[in-house]
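*Asks:* With the input below, show me the fold.
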Amino acid sequence: MAVFNHISFDEHEQVVFCHDKESGLKAIIAIHNTHLGPAFGGCRMWNYHSDDEALNDVLRLSKGMTYKNAMAGLQMGGGKSVIIADPQNATDRTALFKAFGRFVNSLGGRYYAAEDVGTTPADISVAGTETSFVAGLEGKSGDPSPYTALGTFLGIKAAVKHKLGLDSVEGLRIAVQGVGHVGYYLCRHLHQEGAQLIVTDIHQQSLTRVAEEFGAQIVAPQEIYCQAVDVYAPCALGATLNDTTIPQLQAKIVAGCANNQLAQPIHGEQLKQRGILYAPDYVINAGGIINVSFENHYDSEQSTVKVSQIYHTLSQVFQVADAQNRTTGDVADEMARAIINGK
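*Replies:* Numbers count the residues shown, from 1 in each chain. Okay, the predicted model is just below:
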């Protein structure tokens, strides 16, 4: 399997392939950049179709964490890990995460793992029995999902203010793709401020919950893109903004908590050409890692204050992009690189 000439390889410092025969663990840990501090990033469990798909995901996600942590003003580098397994059918999660914890420990603190798609704080606590290099633990900063959702909600409000000139989402139609942990909390924020929700997910139980609690309208997964809405909020897996979906969008704003929302950088330009405001994913979804950054001396009020800064960071990105006639993604990338390189 090619790594150094892989399309998503971006001068990553370290890529570790992990296999444990007894537990069946197959995982990849990618450390992208540690200029600002040790690499922090979630551990994702997903039933990838191939090892190369998993490698591509972990390379892209780890780079995104480097930029995310930089734009959030954290003294953390960027890393990520993926476990190749079906999160719904993993037989012995305890053995799996103990083995994972041993591999994390072997890196000597260069990478700290936290929960992500397909994993839970409880899983990370199990890994924590084998290593101290974990974060987002129960009893400390805990589940980062509510803070990711809060930051995303505030980011949506920043985008709505910039694009529509409105201070509230009241009365707006918002399509939320993915209503799991973060998506559910995001829907709650949006509903409490009076937004009308159109939702989709691959899990019926999650859909039923938001429909019953928030009056959300449920649509089929492939119908979410063409809804007549003000905001499209991708909150599931990445690459949902691509050649097929972008022409279908009726939304004026794309702002959600999913990672790697653009299938390719060119899709940011396509959104700009269509007059759609895009909130760069690693800026808007940084609330969770911000909360994790308070782990050792946890203070929920201080965490919330810092998460709230996402609104102002995004507003700055939008303003610079407009002034320079550039995509918001290009502007955010440039700002992140300047922070990483100390410029």
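
*Asks:* Tell me where the stretch 201-343 of the chain is predicted with low confidence.
*Replies:* 343 (pLDDT under 70).

*Asks:* hey, where'd the strands end up in it?
*Replies:* Secondary structure of the stretch 201-343 of the chain (DSSP state E, counting those that start in this stretch): strands at 217-218, 231-234, 253-254, 277-278.

*Asks:* Nearest approach to Pro144 belongs to which of those strands?
*Replies:* Comparing those against Pro144 with CB to CB, the closest turns out to be strand 231-234 (17.9 Å). Placement of C-beta: from N, CA and C, glycine included.

*Asks:* Adjacent strands (with direction) for that closest one?
*Replies:* Paired strands of strand 231-234, with direction, are strand 173-177 (parallel), strand 253-254 (parallel) (DSSP bridges).

*Asks:* export it as PDB, just CAs?
*Replies:* The C-alpha trace of strand 231-234 is given here as PDB (Å, rounded to 0.1, in the frame of the first residue of the first chain):
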ATOM      1  CA  VAL A 231     -29.000  26.000   5.400                       C
ATOM      2  CA  TYR A 232     -27.700  22.600   4.600                       C
ATOM      3  CA  ALA A 233     -25.900  21.100   7.700                       C
ATOM      4  CA  PRO A 234     -23.800  18.000   6.900                       C
END
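
*Asks:* List the buried residues for that strand?
*Replies:* Applying a neighbour-count criterion of 16 or more other CB atoms under 10 Å, one finds 231-234 buried in strand 231-234.

*Asks:* what's the closest of the strands of the stretch 201-343 of the chain to Asp57?
*Replies:* With CB to CB as the criterion, Asp57 lies closest to strand 231-234 of the strands of the stretch 201-343 of the chain, at 15.6 Å.

*Asks:* Touching the closest one from outside, list them.
*Replies:* 152, 156, 159-160, 169, 172-178, 186, 224-225, 240-241, 249, 251-258, 261 (CB atoms under 8 Å, 6 or more residues apart in numbering).

*Asks:* what does stretch 289-296 give?
*Replies:* 40-41, 65, 68-69, 72, 74, 76, 114, 135-137, 140-141, 144, 147, 151, 302-303, 306-307.

*Asks:* Taking those residues, please make a PyMOL selection of just the buried ones.
*Replies:* Written as a PyMOL command, the selection of buried residues from the contacts of stretch 289-296, which uses 16+ other CB under 10 Å, is:
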select buried, resi 40+41+65+68+69+72+74+76+114+135+136+137+140+141+144+147+151+303+306+307
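
*Asks:* Just to be sure, which of the contacts of stretch 289-296 are found in strands?
*Replies:* 40-41, 114 (DSSP state E).

*Asks:* ok, so of the residues you listed, who is nearest Ile29?
*Replies:* Gly41 (9.2 Å).

*Asks:* residue boundaries of the helices in the chain?
*Replies:* Assigned by DSSP state H, the chain shows helices spanning 51-71, 93-106, 121-127, 145-164, 181-192, 204-214, 266-273, 281-284, 287-292, 300-324, 328-340.

*Asks:* Out of these, which gets nearest to Glu22?
*Replies:* Here helix 93-106 is closest among those (CB to CB), at 6.9 Å.

*Asks:* In CSV, list the helices of the chain along with distance to Met45.
*Replies:* Compiled in CSV, those are given as follows (distance: least, CB to CB, whole Å):
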stretch, distance to Met45
helix 51-71, 11
helix 93-106, 8
helix 121-127, 8
helix 145-164, 15
helix 181-192, 13
helix 204-214, 17
helix 266-273, 27
helix 281-284, 20
helix 287-292, 17
helix 300-324, 25
helix 328-340, 27
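
*Asks:* Looking at these, spot the one closest to Asp10.
*Replies:* helix 51-71 (5.1 Å).

*Asks:* Kindly provide the whole-number mean pLDDT of that closest one.
*Replies:* Helix 51-71 shows a mean pLDDT of 96 in the predicted model.

*Asks:* Send me it as PDB with only the CA atoms.
*Replies:* The C-alpha trace of helix 51-71 is given here as PDB (Å, rounded to 0.1, in the frame of the first residue of the first chain):
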ATOM      1  CA  ASP A  51      -7.600  -0.600   3.700                       C
ATOM      2  CA  ASP A  52      -6.900   2.200   1.200                       C
ATOM      3  CA  GLU A  53     -10.200   3.800   2.100                       C
ATOM      4  CA  ALA A  54      -9.300   3.700   5.700                       C
ATOM      5  CA  LEU A  55      -5.800   5.100   5.000                       C
ATOM      6  CA  ASN A  56      -7.300   8.000   2.900                       C
ATOM      7  CA  ASP A  57      -9.700   8.800   5.700                       C
ATOM      8  CA  VAL A  58      -7.100   8.900   8.500                       C
ATOM      9  CA  LEU A  59      -4.700  11.000   6.400                       C
ATOM     10  CA  ARG A  60      -7.300  13.600   5.600                       C
ATOM     11  CA  LEU A  61      -8.800  13.600   9.100                       C
ATOM     12  CA  SER A  62      -5.400  14.000  10.800                       C
ATOM     13  CA  LYS A  63      -4.500  17.000   8.600                       C
ATOM     14  CA  GLY A  64      -7.900  18.500   9.400                       C
ATOM     15  CA  MET A  65      -7.100  18.200  13.100                       C
ATOM     16  CA  THR A  66      -3.900  20.100  12.700                       C
ATOM     17  CA  TYR A  67      -5.700  22.900  11.100                       C
ATOM     18  CA  LYS A  68      -8.700  22.700  13.500                       C
ATOM     19  CA  ASN A  69      -6.500  22.900  16.600                       C
ATOM     20  CA  ALA A  70      -4.500  25.800  15.100                       C
ATOM     21  CA  MET A  71      -7.600  27.800  14.200                       C
END
